[in-house]
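**Q** Need the 3D shape of this:
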Amino acid sequence: MRAHLIDFAWQVGTLISSGAIDRPVVSLDPEASYELFRRDVPFFEAGEISSHISLWQQYSEITTKSLALTELLDNVLHGVDSRYAASGWKLFDGYHYIIKIAFDQLLYHADVVATLLDKVSPDEFECAGDGSVVLDLYGMFHPAISLSHALLKENEAAIGYKVVQACRSESRPDRMAYPRFSFGQPLRSLLRSPLGASFLEVVETIQRTSSYDAKIPILSVGCKELRALSRRALRHKGIKVMEYRRMAGSDHVRKSWRYHDSFKRLLHSNHLYRELTTWRGLAFGKVLCEVINFIAVRAEDIHASAERIFKFLDRAKPKMVIFQTMAPFYPHNVPIRWWCEDRDIEYACWMHGGYGANYSLAGYDVVDYRLAQRSFVYGDVVADVLSDNRCVLNQLGILGQSVEVAGSPFFDRLYLGRSLPNRTSEKERITLSIGVSYAHNQFYFGYDRDHADTSLWRMHLQILQTLLPFQDRYSITLKDYPGSPRHCMWRNMLDDLGANDIAYVSNELSFDDVLGNSDLNIFPWISTTFFQALYSDADIFVLETGDISTQAKDALAGEVFVFEDIATFCVGLREYLEKGKFCQRKKQRSRKYFLDWDHQGDRAGQLAGIVHKTMAAKMSGHAGCPT
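**A** Okay, the predicted model is just below:
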């Protein structure tokens, strides 16, 4: 029997033409799922084959495996390159996030295939593509390939099934555009260069002519929050800010790593590597090696960059470094952190996403909180969750972080003083913001919520069905991510519903522009856009079926419409729209708890207090207060 694995919407036409819809059909992508749904083809989604609940119960084990893998890679690296061994620099640990995304996606596919083999026993699998592996500029699996085909191809001989390539019957070209990063990752606008870029010299921006002799120089590494603060106000508080920038680079490898062949030979013969890259009897080490080699071949460039960075920072002599993110998509993060640790310099990561209302942290756990000494967060909601025993950090044993509430100077500057909403039409405006979006082939574990791997397309559909009867009465917008890879799915969904008067917006308007005119904001999860919407007087509806914290629920009660299941959400939304009374709920408690609202007027003083306290504790030999 043949099973069909569907990665792309175009495969649906091929499937229907072949008359094989009575065979097992499994969708591995939300857009493919919706195409199967709208064309009445019976199918299973990957999440129906591999239970989220079961996999989330193994989250600690899965994450420990990927961390053990990077530890193994660094041990092999140190064994072949004495320079890395002497310095103690852990290259692959610093790039764990990229490896984690690839590792988790492959493990998820392996779990789906293993379950199919156990329950259906297919002797053939039909997949798109030819099984080749292509990476994007960031070293991640390209959205246009069939990763499931590559996985099946690696195990074809050992297990004994046959892999068949689906013939393409439609002329629609593959999507080759690079989408913006999935949630939990920094937006590309915050990145200075891709991982593959060459590392050139840095620029120091210090106002050397300042008449004020600042006592504490701090270095900003792409931190938009620091950039939003007044440098003059900080100087008068005893803080001098330097900003680390990069000059233009290129995407090619400048100098190949001389030990790459030795590294590959040792890795391929390593029994532990094979053990770590096998899940339920399916191996994915060969496919994963494409990502590992993407990093390894750049080890020479990274080492040379680190030496230059060390020299620069030794001259600049910052007393504290504040990162925008610890993720390696900004490639200088890794060697700058090495320098901080080597020179015993305090460093922190300033919160850059709308997490903190859930006990799970959507990937921030193994990046910002594992790699940073301390964290600056928007409000007490995050600090309280991080200190809660139910927080995922406790599962993973990531403990002892120092957490400081510092607000968001960036959002303060963006929204304070603006009239929100600022209605520009007679009709009240409603915005449904699309949430939980993973690029194809780049799903990873971290958010404890069922159906997250499908981008919650069914829930979005139900919300749109609830909004549909009101499209004439209100001005309704479906707001998608800029550069969305799934714009076709959302447009098809609106067309199929007959939602001719519901506008679809992606690149055309920013979320800031839409937020400024919206009288009601609807979110299928609590993320960055939710934090932004708290600055508006417009009412907020939130659907959060994940592990929302009791702290967040208590703070939002009576101020934000929060629902934990789709049925009651749709009922509540329908009743609200029938009444038609907008902007009714005040957000005093939620703003204070989520955004540290009472300290907006003196964010510079707030940061200066944190920095001075940290330096004083360091001078006296005491650590900061851990969570």
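
**Q** in the stretch 51-200 of the chain, which spans are helices?
**A** Taking DSSP state H, counting those that start in this stretch, the helices of the stretch 51-200 of the chain run over residues 52-57, 59-80, 82-87, 91-94, 96-119, 147-159.

**Q** any chance of the ones you listed in TSV, plus distance to Arg486 and mean neighbour count?
**A** Bear in mind the C-beta positions are built from the backbone N, C-alpha and C, glycine included. Formatted as TSV, the helices of the stretch 51-200 of the chain follow (distance: least, Cβ to Cβ, whole Å; neighbours: other Cβ atoms under 10 Å):
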stretch	distance to Arg486	mean neighbour count
helix 52-57	20	14
helix 59-80	26	19
helix 82-87	40	14
helix 91-94	31	21
helix 96-119	17	23
helix 147-159	17	20
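
**Q** Which one of these lies nearest to Asp7?
**A** Proximity to Asp7, assessed across the helices of the stretch 51-200 of the chain by Cβ to Cβ, is greatest for helix 147-159 (6.3 Å).

**Q** and that closest one with helix 96-119, angle?
**A** Orientation check (axes from the mean of the first three to the mean of the last three Cα atoms, to 10 degrees): helix 147-159 against helix 96-119 gives 60 degrees.

**Q** Which elements pack onto helix 147-159?
**A** Packing partners of helix 147-159 (3 or more Cβ pairs under 8 Å, 6 or more residues apart in numbering; DSSP states H and E): strand 2-6, helix 96-119, strand 124-127, strand 162-165, strand 282-283, helix 285-296.

**Q** Out of these, flag the one nearest Leu229.
**A** Nearest of those (Cβ to Cβ): helix 96-119, 27.3 Å.

**Q** chain center to that closest one: distance?
**A** The chain centre lies 18 Å from the centre of helix 96-119; the measure is Cα atoms, centre = their mean, to the nearest Å.

**Q** Now do that helix against helix 59-80: the angle between them, please.
**A** Using the same axes, to 10 degrees: helix 96-119 against helix 59-80 is 120 degrees.

**Q** which secondary structure elements does helix 96-119 contact?
**A** helix 46-49, helix 59-80, helix 147-159, strand 278-279, strand 282-283, helix 285-296.

**Q** Could you export those as TSV, including mean pLDDT and distance to Asp344?
**A** Below are these laid out as TSV (pLDDT from 0 to 100; distance: least, Cβ to Cβ, whole Å):
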stretch	mean pLDDT	distance to Asp344
helix 46-49	96	46
helix 59-80	98	21
helix 147-159	97	42
strand 278-279	98	40
strand 282-283	98	42
helix 285-296	97	27
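
**Q** mind checking which of those is nearest Phe8?
**A** helix 147-159 (11.0 Å).

**Q** avg pLDDT for the helix or strand encompassing Val241?
**A** For Val241, the host element (DSSP states H and E) is strand 239-246. Throughout strand 239-246, pLDDT has a mean value of 86.

**Q** Switch the helices and strands packed on helix 96-119 over to CSV; also include distance to Arg254.
**A** Below are the helices and strands packed on helix 96-119 laid out as CSV (distance: least, Cβ to Cβ, whole Å):
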stretch, distance to Arg254
helix 46-49, 39
helix 59-80, 19
helix 147-159, 29
strand 278-279, 35
strand 282-283, 33
helix 285-296, 15
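
**Q** just so I know, which of those lies nearest Ile463?
**A** Nearest to Ile463, of those and by Cβ to Cβ, is helix 46-49 at 19.0 Å.

**Q** What is the closest one packed up against?
**A** Counting by 3+ Cβ pairs under 8 Å, 6+ apart, helix 46-49 packs on strand 25-27, helix 96-119.

**Q** so can I have JSON lines of those showing mean pLDDT and distance to Ile522?
**A** Listed next are these as JSON lines, based on pLDDT from 0 to 100; distance: least, Cβ to Cβ, whole Å:
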{"stretch": "strand 25-27", "mean pLDDT": "98", "distance to Ile522": "26"}
{"stretch": "helix 96-119", "mean pLDDT": "98", "distance to Ile522": "29"}
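
**Q** Out of the ones you listed, the one nearest Glu225 is which?
**A** The nearest among the helices and strands packed on helix 46-49, by Cβ to Cβ, is helix 96-119 at 20.6 Å.

**Q** how much does that closest one deviate in direction from strand 2-6?
**A** Angle of helix 96-119 versus strand 2-6, following the same axes, to 10 degrees, is 150 degrees.

**Q** Tell me which residues touch Ile16, please.
**A** 39, 41 (Cβ atoms under 8 Å, 6 or more residues apart in numbering).

**Q** where does stretch 588-607 sit relative to the chain's centre, distance-wise?
**A** With Cα atoms, centre = their mean, you get 25 Å for stretch 588-607.

**Q** oh sorry, the question was meant for stretch 375-394
**A** The answer for stretch 375-394 is 18 Å, by Cα atoms, centre = their mean.

**Q** And that stretch, what's buried?
**A** 375-386, 391-393 (16 or more other Cβ atoms under 10 Å).

**Q** Return the closest of the residues you listed with respect to Trp350.
**A** Phe376 (4.4 Å).

**Q** doesn't Pro409 make contact with that closest one?
**A** No: in this structure, Phe376 is not within contact of Pro409 by Cβ atoms under 8 Å, at 10.3 Å.

**Q** shared neighbours of the two, which are they?
**A** With Cβ under 8 Å, 6+ apart as the test, Phe376 and Pro409 both reach 225, 607.

**Q** Would you reformat the helices and strands packed on helix 46-49 as a markdown table and include distance to Ser510?
**A** A markdown table is the format used below for the helices and strands packed on helix 46-49 (distance: least, Cβ to Cβ, whole Å):
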| stretch | distance to Ser510 |
| --- | --- |
| strand 25-27 | 31 |
| helix 96-119 | 26 |
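
**Q** what's the least confident helix or strand in the chain, going by average pLDDT?
**A** Ranked by mean pLDDT, DSSP states H and E, the helix or strand of the chain with the weakest confidence is strand 202-204, at a mean of 40.

**Q** And the next helix or strand past it?
**A** Next element after strand 202-204 (DSSP H and E): strand 216-221.

**Q** Which elements pack onto that following strand?
**A** Right, strand 216-221 is packed against helix 224-227, strand 239-246, helix 299-316, strand 320-323, helix 333-343, helix 603-620 by 3+ Cβ pairs under 8 Å, 6+ apart.

**Q** buried sites along it?
**A** Buried, per 16+ other Cβ under 10 Å, within strand 216-221: 216, 218-221.
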